[in-house]
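*Asks:* let me see the structure of the following:
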Amino acid sequence: MDFKLIIYIFTLFVICSTNVFYKRSGPLQNILYSAIFSIVFYLTYDIVKTKKEYFWYDIDIPPPPVYEPELGVMSPAPAPVPIPETEIDPDQPEDLYFIKQMGIESQTITRLYKQNFPILSNNEFILKCYEMLKDDKNKQSFIVHYDNPDKQQINYIVFKQKLTNCRPHGGKNNRYSDLFLLKTDRDKLKLSPKFNTNANKQLLQNVVHWKNTS
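*Replies:* Numbering: from 1, shown residues only. You can find the predicted model right below:
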């Protein structure tokens, strides 16, 4: 509270009031004294008003020293270690998993041939299918079919609507394929009744995270 300003207003009001220093009073005198009070107060307000200015400074305060009991001395505090910012690599999906040598006996929704995407590498082609899998709720998985056992060249990829009726590939059928799915759908995997054996159940559990090695 500015007491100086309050005292000034009170004093000015008393001086300009009738019947204090001026014995005559009337409507015109009251209006005149009110006008004088208003004019004087308006012209002198900035002079009487106490101005307060605040200054803010950014000061780097070093951390307090640390006492070393073994040495019996105070040593400077260690400098803070900056925390590195973690960035998500779009070419390294965290939720894409796959099972080697596995397929699904169900209707194919979409089939994409690798030869139609000559500028894409195998991993880039898989990443493209991964984006399609995330964007379409009707697609629950895709199967990558390779030309040979070493899986160096993709032949085509098919998208499946279901994760049931899984069956192992390879052996006599000469199919070299991997089943890809999202991490959240791993519990939906089920074997086809014809291949529901303990060995195949164990094979179905080998779901691993896919990593882009290119």
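*Asks:* so the residue lying closest to S141 once chain neighbours are set aside is in which element?
*Replies:* Leaving aside its chain neighbours, S141 sits nearest to L181 (4.3 Å; criterion: Cβ to Cβ, 6 or more residues apart in numbering). The way it works is simple: take the backbone N, C-alpha and C, and place the C-beta from them, glycine included. Assigned by DSSP states H and E, L181 falls within strand 176-182.
*Asks:* for the lengthiest helix in the chain, C-alpha coordinates in CSV please.
*Replies:* Criterion DSSP state H: the longest helix present in the chain is helix 27-48. Written as CSV, here are the backbone C-alpha positions of helix 27-48 (Å, rounded to 0.1, in the frame of the first residue of the first chain):
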residue,chain,number,x,y,z
PRO,A,27,-23.6,24.8,-5.7
LEU,A,28,-21.3,26.8,-7.9
GLN,A,29,-18.5,26.9,-5.2
ASN,A,30,-18.8,23.1,-4.7
ILE,A,31,-18.5,22.4,-8.4
LEU,A,32,-15.6,24.8,-8.7
TYR,A,33,-13.7,23.2,-5.7
SER,A,34,-14.4,19.7,-7.2
ALA,A,35,-13.0,20.9,-10.6
ILE,A,36,-9.9,22.3,-8.9
PHE,A,37,-9.4,19.0,-6.9
SER,A,38,-9.7,16.9,-10.1
ILE,A,39,-7.3,19.1,-12.1
VAL,A,40,-4.7,19.3,-9.5
PHE,A,41,-4.9,15.6,-8.7
TYR,A,42,-4.6,14.8,-12.4
LEU,A,43,-1.6,17.0,-13.0
THR,A,44,0.3,15.9,-9.9
TYR,A,45,-0.6,12.2,-9.7
ASP,A,46,2.5,11.0,-11.6
ILE,A,47,4.7,13.1,-9.4
VAL,A,48,3.4,11.8,-6.1
